[in-house]
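Asks: sequence and predicted structure below; questions after.
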Amino acid sequence: MCRILLVEDNELNRDMLTRRLRHRGYEVALAVNGQQGLEMARSRQPDIVLMDLSLPEIDGWQVARILKNDAATRCIPVVALTAHAMLGDREKALEAGCDDYATKPVDLPHLMGMIERLTGRPRAADRP
Amino acid sequence: MKKRFTGAWAKVRRRLRFRAPRGITARISGLSWTIALFSLMVFVGASIPEQKHEIEDNLRSKAHGIAASLQEGLAGAAVTEDYSALVEQCMQALAADDSIDFLLIAKDDGFSIVVEKGGWRTAQLGAFWRPRERAPAGGIEVVPLFGVRIFHFAMPYDFSTMPWGWIHVGLSLKAYDHGVARLYQRTGALAVVCVAGSLLASVIFARRLVRPMVRLQDMAGRIAQGDLSARASIRSAQEIEGLAQSFNTMADALWQRDKILESIRFAAQRFLSAEAWQTVILEVLSKIGDAAQVSRVFLLENRAAQEEGLVGTVLHEWVRPGIPCRTCGPGQAELRWTGADWRRWAGSLGRGEVVLFEGDGPEGAGRGSAPASRSSILVPIEVGGQWFGVLGFDDCVRVRAWSDAERDSFRSAAGMLGAAITRQQAQEYVDNILRSMGESLLVMDPEWRIQRVNPSALRLLGYTEEQLVGQPFSRIVDGDVPVNTIAIERTYRTSAGHPIPVLLSSAELRSGPGSLVGYVCLAQELTDLKRTQAELVRARDAAENANRTKSVFLANMSHELRTPLNAIIGYSQMLREDCIGPEQPEVLSDLEKIERSGHILLGIINDILDLSKIEAGRETVKAQTFDIAAVLQDVSNAVQPLARQQGNVLEIDCPDAARMICADLSKFRQSLLNLVNNAMKFTERGRVSVTVNRRLAADGEWTEVHVSDTGIGIGREHLDKLFQPFSQVDSSATRKYNGTGLGLAITKKFCQMMGGDIAVESEPGRGSRFSIRLPAGRRPIRGAAALGTDGA
């Protein structure tokens, strides 16, 4: 069972992605801002963090930097979810310590391949 | 000894010379008097002895008569030896004549009878009374017996041819001496009269002879002192009169020459002081004409085109009173010489030589009632190295020879006129430049006082010339002005005190070898420029601001548009994948349409964002070496759905030698994707081929990627705007083929950022071929791309 922490402030995206991932058998925890994302990453120790970068209060780059500088969370892979046109955002994400990035709107099969590669675990069995 | 003598002689000579008369009058009178004296002396010296001789002769003949009268008595006495009768006769003779001093009869034996006034006696006398030579002789002498000076006459007496004795007669010299004295007196008186008379005559003669010479001398002296009106009226000897006439002629010539020279001086002074030569030319011509005693003086401007003669326009003319003027009538008077000599004349004048002629008048010269010239002289005028015209002098009265002095003077006048015209033309040239220039020009003296101002400066500063000239430069300029500076900003102050920003350049004015004569300042008003500059700055700021606003807006829009779009696409995908079963095909198809439309919209937004980022210079190039074949595979995968849909075949030719390239992978991929995507879109049931090759050129090794299709092609008229943003060939195409028309513009920008370019060949109905040309290897990347970081 792969546990995903999804940090996303937009409700629609959050809902859509959560439902699609859960539909594919992932266990998804939700955070709506950077601060909450940080706390949940520390407290819950997810297998992977999927994170939007433009977050209120503490943005995604800062969150990534903090997670990667904290020994307790350093090992958790972080995937940035970025907009296509924001080319610079993606580079900045990798610089900040993100392990990979995915372009929104999310191509689900692509994202699932990425998760599998980063966590080394197959996803939970598809829901019937 | 000899030396001493010559020295003394020289002294005498010096003395003599010192005392010798010096004036011509004295010399001539002295000479003539000396001649008269000499003649008198010769005369007197010759005549006095003659007279004395005559008196002696008279005495001699008288004595001879007395002796002869005694001969008869003596003859008797000699026979008888009775001398009483003889004595008696002698006594009577003595008594009768006072002048007889004595009578003496001397016998050869010495016996003698001496008869004197007081009585007679006999005596035995010596040989004196019996001279050896028996011939009558007489002379004045002192005889021994009486001891007084008398005239003694002795006559031999022969008795019957036998020498017997002598008769001596002694005549008193009283009468003789008296006569001689009177002779001397008369001669002396006469000599005195002659000497005085000759002296007087000599002096008068000499005076009369010398008087004309003195007058000539006096006249020459006055001429020498500058009084050229002096004339000599002399009626005298032919030679002197001739000399006087020559003198008068010479004085006339000198007088005229002096007048001409004076007129030339006048001309020089006028030409130098006049602002414009035209204002003084008539005055000058009149002065010269009057001095040279000609009938006409005219200034002729050379006519440029001279085909059939020497032609000129009379600009100014002076005529002697009474002679009609040629320039007074309407229009300009033209003179035209067309005679046989005009070519030669024109040649001479062109070389600066004077032309003289007699009676060979120009056509037009006698215009109206103006008389024809009898003698003329044409003097060329040179202006700035060119033959400008001639100064002409006509004498309508007589044929005259022009003297060297006249010619030289005329040439001087022409030279000065030419110089005046040249100077004025140069002045006008400079004035025109100063007047016409829009910049303000000020000329200062070495103390920075304003000397000259051009009209632009007066307009700018609001002063009159009189107000500015002489003022210090600091009155109109704020701050110091360095010498020899170019385009510094300063502020001028107008008469009303308003500041005017100017761009100022200054330079020293030096005359000849370096002496400072002043400064020149050229200023360009900057008010308009400043305003424009300020407006430009405002406009730039506004544009930059707008651009920032646009970037912010675009970034926001990207996020704001994308978020709901993501939801649209995501939810339709989710519905399609998870919720809707194959049993509801219509709903599935509708969801696909929603999703596709969402992707198209997303593509448009991405294109716009890409382009705006490129234009804002925010896009960077990250060069890395990669395999083109792999990229082509990606592209091929991406376009497969479209290829199938259009019924197209995709052919790829990528030889191993051309596979590797160093470029920005994502830009390369997107460029290629754009091109192949386009080719697929505009081709139906055709072929799209991608060919890669390498080419070695002078400027390096290049990778070329050609994307050819067999589609609808592009008209020639559209090719040039193909790569401009929003320029899909026509709007109907947009509807049919989708897309924003930004793809090619972005592709071209990407290619240029990577140091290459894109080109297109096309023919409507036959297809298109797009060619990307990129540097194959690593090299400095030009343009905006150079800002990028090397991410390889």
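Replies: Everything's here; your move.
Asks: what segments of chain A are strands?
Replies: Assigned by DSSP state E, the strands in chain A fall at A:3-7, A:27-31, A:48-52, A:78-83, A:100-104.
Asks: redo these as JSON lines? Include mean neighbour count, mean pLDDT and distance to residue B:591.
Replies: For the C-beta atoms, the positions are set from N, CA and C on the backbone; glycine is no exception. Putting the strands of chain A into JSON lines (neighbours: other CB atoms under 10 Å in any protein chain shown; pLDDT from 0 to 100; distance: least, CB to CB, whole Å) gives the following:
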{"stretch": "strand A:3-7", "mean neighbour count": "23", "mean pLDDT": "93", "distance to residue B:591": "24"}
{"stretch": "strand A:27-31", "mean neighbour count": "18", "mean pLDDT": "93", "distance to residue B:591": "23"}
{"stretch": "strand A:48-52", "mean neighbour count": "25", "mean pLDDT": "92", "distance to residue B:591": "24"}
{"stretch": "strand A:78-83", "mean neighbour count": "24", "mean pLDDT": "84", "distance to residue B:591": "23"}
{"stretch": "strand A:100-104", "mean neighbour count": "19", "mean pLDDT": "82", "distance to residue B:591": "19"}
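Asks: got TSV for the ones you listed, with distance to residue B:371 too?
Replies: Putting the strands of chain A into TSV (distance: least, CB to CB, whole Å) gives the following:
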stretch	distance to residue B:371
strand A:3-7	124
strand A:27-31	127
strand A:48-52	118
strand A:78-83	110
strand A:100-104	114
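Asks: so which of these gets nearest residue B:162?
Replies: Nearest to residue B:162 among the strands of chain A is strand A:78-83; the distance by CB to CB comes to 210.8 Å.
Asks: which strands and helices sit next to that closest one?
Replies: strand A:48-52, helix A:60-69, helix A:87-96, strand A:100-104, helix A:108-119, helix B:527-574 (3 or more CB pairs under 8 Å, 6 or more residues apart in numbering or on different chains; DSSP states H and E).
Asks: again, 6 Å this time
Replies: With contacts taken as 3 or more CB pairs under 6 Å, 6 or more residues apart in numbering or on different chains; DSSP states H and E, strand A:78-83 sits against strand A:48-52, helix A:87-96, strand A:100-104.
Asks: what's the closest of these to chain B?
Replies: Closest approach to chain B among the helices and strands packed on strand A:78-83 (CB to the nearest CB): strand A:100-104, 4.9 Å.
Asks: look at the nearest residue to residue B:441 once chain neighbours are set aside and say how many residues are nearby.
Replies: Distance criterion CB to CB, 6 or more residues apart in numbering or on different chains; nearest residue to residue B:441, sequence neighbours excluded, is residue B:454 at 4.3 Å. Using other CB atoms under 10 Å in any protein chain shown, residue B:454 is surrounded by 22 other residues.
Asks: ok, residue B:454 touching residue B:433?
Replies: No. Counting by CB atoms under 6 Å, residue B:454 does not reach residue B:433; the two are 8.9 Å apart.
Asks: show me what the host helix or strand of residue B:29 packs onto, helices and strands only.
Replies: Per DSSP states H and E, residue B:29 falls inside helix B:24-80. Applying 3+ CB pairs under 6 Å, 6+ apart, we find helix B:24-80 packed against helix B:84-96, strand B:149-159, strand B:162-171, helix B:174-224.
Asks: list the buried ones in the helix or strand following the longest one?
Replies: In this case it means helix B:174-224. Next in sequence after helix B:174-224, counting helices and strands by DSSP H and E, comes helix B:238-273. Within helix B:238-273, the residues scored as buried using 16 or more other CB atoms under 10 Å in any protein chain shown are B:240, B:243-244, B:247-248, B:251, B:255-257, B:259-260, B:263-264, B:266-268, B:270-271.
Asks: what residues does the stretch 351-500 of chain B put near chain A?
Replies: In this structure, the stretch 351-500 of chain B does not approach chain A anywhere, judged by CB under 6 Å from any CB of the partner chain.
Asks: the closest residue to residue B:475 other than its chain neighbours: neighbouring residues, count only.
Replies: Nearest residue to residue B:475, sequence neighbours excluded (CB to CB, 6+ apart): residue B:493, at 7.5 Å. Counted with other CB under 10 Å, the neighbours of residue B:493 add up to 16.
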